[in-house]
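Student: output the structure for:
(2 chains)
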Amino acid sequence: MLALCLSIRDELYAIPARDVVEVVPQVLLRSLPGAPSYVAGLLAYRSALLPVVDLSRRLIDVASRSRLSTRIVVVERASGAEPVRYGLLVERVSDIRRLPDASAQHVQAGAAFLAGSVLDKGIAVQLLNVDALLPASGMSEERI
Amino acid sequence: MDKINQLKLSAKLLILTLVVLSGLTLFAAVAFDTLDAVRVHGTLYEEIQDDNELIADVMPPPLYVVEAYLTAHELAAARDKRESAMLIERVRLLRREYDERHGHWASRLPSGALRSALVNDAHVTAVELFDALEQELIPIAGAQDPGAAYALVTGPIKRAYGKHRSAIDRVVKLTKDLHAAQESSAEALVELRRNEMLAVAGSVGLLVALLAWFTVRSVTRRIAIGVHAAEKVANGDLTDRIDADADDETGTLLRALRRMTQSLSSLIYRVKQSSVTLMSTATQISATSMEQEATVNNLSSSTAEIAAAVKEISATSQELGSTLQEINLASVRASSLAERGRVGLGEMDATMRRLSGSTGSISTKLSVIREKASDINGVVTTITKVADQTNLLSVNAAIEAEKAGEYGLGFLVVAREIRRLADQSAVATLDIEQMVRHMHAAVSAGVMEMDKFADEVRGSVSTVADINGQLGEIIEEVQRLGGRIESVSEGMSSQAQGAAQISEAMSRLTESARQTASSVKEFNSATHSLREAVSGLKEEISSFTVAG
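Tutor: Modelled structure (predicted):
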């Protein structure tokens, strides 16, 4: 499958391309007081304000650094009543390429954010589960 | 007088008592003797009695009118008128004498038997006789009648006379009785007085002897106490406490002795303490003067060293004088060398200035290059941004292509190509960036080197200027040096003179140090004799023992 490859502290992760709406450059985010710490802020995306989750902070509790390759990945969560879009602040988006599907079903117990892991040319890449990265309660897109 | 003073007190008092007693005895003896002389039936009394008796035996008593009786007889027998007149006159005289004596005894005699016998009995008869004489006989005496006169005389006159005589006998007897009584009472009185005097003399003498003995005893006892205490003090024992209880002179003496002993004791005590202090002080003085002596000796050696040093100074200043001359010559040579150096420096200065100008132009060129490099950097940044955006675009395109499914496959290829191109340009820009950075670094280094070089050149220029100035100063200084060397030479010679004076002063100082040393020695010996005197004093004092 086609997946957007990214790396957090030299560890490779991937988001399936079907979950990705668009990749936008890093912009200034509107702050959201009272939000959990992994929420970096609000993104104005096509007449909507989307919450943006700092992926690095969400996964390993370390804030993302601002790089030339830092992007905001707008993803769509398909579970629930209606699809919810939100953003992921990713420190380093490397490329988009095809990954093998073979071991997509291997899910470690207790790793809620991960949808599985694949081996790409001998390197382990973990798939991210966009449904789990944003909690269901309290977060929704707001229409301007 | 000395012999008397040498006698003991008891002997003196004994002599006094003996003198008093002997005086008393003498007095008593004289009194006895006097009493003896004037007592009744004593020698004087007997003599007075004899005289009275003689008078009585010889003189006719006026109060016993026997002479008048006899005269009456004579008158009766008188033939001569002249004789009768004489006899009548005699009778009258006798009568007057009788009256006078009678009056005397009438007033004198105390009343009693004697008085009445004389005044009354004897007197009456006497008066009767005298009356008879005067009134009867005398008138007929010249009448030449001897028989009547004779009858008168042998009659009433004789009778009156006889009565008178017996009255007078009675008076005599009474008087004799009275006389005897008075004699015996006088004797008894004398005896009494003599016994009294004996008793008084005896008791007084006894009292005097007792008092004298008591006085002597107390006085000599006290004096013995005083003597004993004084002897103890003389032997050095000042601890005795003299008891002085009496208030008389001996008590005062003993108290004075006690006070003297006490003050002497405290004095000796203080002297003892003072002698200890004095001894330690003398020791300290001795030690100090020893130090003084050592110091003075050091002073002597120090002055000797100073004298030697001064000699060296003299020699050194002479060497300095010759050295100065050499310096003079050398400085002249240095002056000419400096002149040549200045010329060379002037050329170097010009060269330096030219270098400075060229480095300035090189610096300008280098900064131009740096500006251009910065411009290139700006362009490269733009290219990088474009590449980045292109990359993003390609990613999004791939995502859309994936979402489009089959219809997006061609677009996917296009997207991949675009990404590849973007990556290439990114890599190229990275290379350019790197090159530009290198260039930048090289230019910066070059500029810095140029700056440093320019600084150094400027420094050299200023250094050359300094050196030029300094050479000029050297030349001036060297020229001035000539004059200074002259003054230094003068100074050297005066220093030599000064050194000579110091030397002289040193020798004088040495001399005075020697004198000081000798006087310190004398002081030392004086201290030594002081210490000896103090220890002698201590020995003397140690023979005394004081209380506390």
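Student: use CA for all of it now, contacts and neighbours both
Tutor: OK.
Student: can you give me the buried ones in the lengthiest helix in chain A?
Tutor: Longest helix in chain A, counting residues (DSSP state H): helix A:55-60. By 16 or more other C-alpha atoms under 10 Å in any protein chain shown, the buried positions in helix A:55-60 come out as A:Leu55, A:Ser56, A:Arg57, A:Arg58.
Student: what sits against the last one?
Tutor: For A:Arg58, the residues meeting the contact criterion (C-alpha atoms under 8 Å, 6 or more residues apart in numbering or on different chains) are A:Tyr38, A:Leu133.
Student: in the helix or strand in which B:Leu26 is found, which residues are buried?
Tutor: Secondary-structure element containing B:Leu26, defined by DSSP states H and E: helix B:9-38. Buried residues in helix B:9-38, defined by neighbour count with 16+ other C-alpha under 10 Å: B:10, B:13-14, B:17-18, B:21, B:24-25, B:28-29, B:32, B:35-36.
Student: show me the helices in chain A, by range?
Tutor: Using DSSP H, helices in chain A cover A:55-60, A:130-133.
Student: where among the ones you listed is average confidence lowest?
Tutor: Lowest mean pLDDT of the helices of chain A: helix A:130-133, a mean of 80.
Student: touching that helix from outside, list them.
Tutor: A:Ile15, A:Asp19, A:Val53, A:Arg58, A:Val75, A:Glu76, A:Arg77, A:Ala78, A:Ser79, A:Ala112, A:Phe113.
Student: 7 Å instead, please
Tutor: Outside helix A:130-133, the residues that touch it by C-alpha atoms under 7 Å, 6 or more residues apart in numbering or on different chains are A:Arg77, A:Ser79, A:Ala112, A:Phe113.
Student: please save the CA atoms from that helix in CSV.
Tutor: C-alpha atoms of helix A:130-133 as CSV (Å, rounded to 0.1, in the frame of the first residue of the first chain):
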residue,chain,number,x,y,z
VAL,A,130,-5.2,7.5,13.0
ASP,A,131,-8.4,6.5,14.8
ALA,A,132,-6.5,6.2,18.1
LEU,A,133,-4.2,9.2,17.8
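Student: nearest residue to A:Tyr13 in space, please, no chain neighbours.
Tutor: A:Gln126 (4.7 Å; C-alpha to C-alpha, 6 or more residues apart in numbering or on different chains).
Student: give me the beta-bridge partners of the one you found?
Tutor: A:Tyr13, A:Ser117 (DSSP bridges).
Student: return the member of the buried residues of helix B:9-38 nearest to B:Ser512.
Tutor: Nearest to B:Ser512 among these, counting by C-alpha to C-alpha, is B:Ser10 at 75.0 Å.
Student: chain B contacts on chain A?
Tutor: Counting by C-alpha under 7 Å from any C-alpha of the partner chain, chain A comes close to chain B at A:Ala17, A:Arg18, A:Glu22, A:Val23, A:Ile96.
Student: quick one: contacts for the third one?
Tutor: Read it as A:Glu22. Shown in contact with A:Glu22 (C-alpha under 7 Å, 6+ apart): A:Val73, A:Val74, B:Asn396.
Student: ChimeraX command for the buried members of these?
Tutor: The following ChimeraX line selects those of the contacts of A:Glu22 that are buried, judged by 16+ other C-alpha under 10 Å:
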select /A:73,74 /B:396
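Student: between the contacts of A:Glu22, which sits nearest B:Ser166?
Tutor: Nearest to B:Ser166 among the contacts of A:Glu22 is A:Val73, at 216.7 Å by C-alpha to C-alpha.
Student: list the contacts for the closest one?
Tutor: A:Val20, A:Glu22, A:Val23, A:Val24, A:Gly87, A:Leu88, A:Leu89.
Student: measure B:Asp33 to B:Val190 for me?
Tutor: 12 Å (C-alpha to C-alpha, to the nearest Å).
Student: now A:Val27
Tutor: Counting by C-alpha to C-alpha - A:Val27 and B:Val190 are separated by 180 Å.
Student: show me which of those two is the more surrounded one.
Tutor: B:Val190 (18 against 11; other C-alpha atoms under 10 Å in any protein chain shown).
Student: for the more buried one, give me its contacts.
Tutor: B:Leu35, B:Arg39.
Student: the inter-axis angle of the one helix or strand it maps to versus helix B:9-38?
Tutor: Using DSSP H and E, B:Val190 sits within helix B:158-234. Interaxial angle, helix B:158-234 versus helix B:9-38 (axes from the mean of the first three to the mean of the last three C-alpha atoms, to 10 degrees): 180 degrees.
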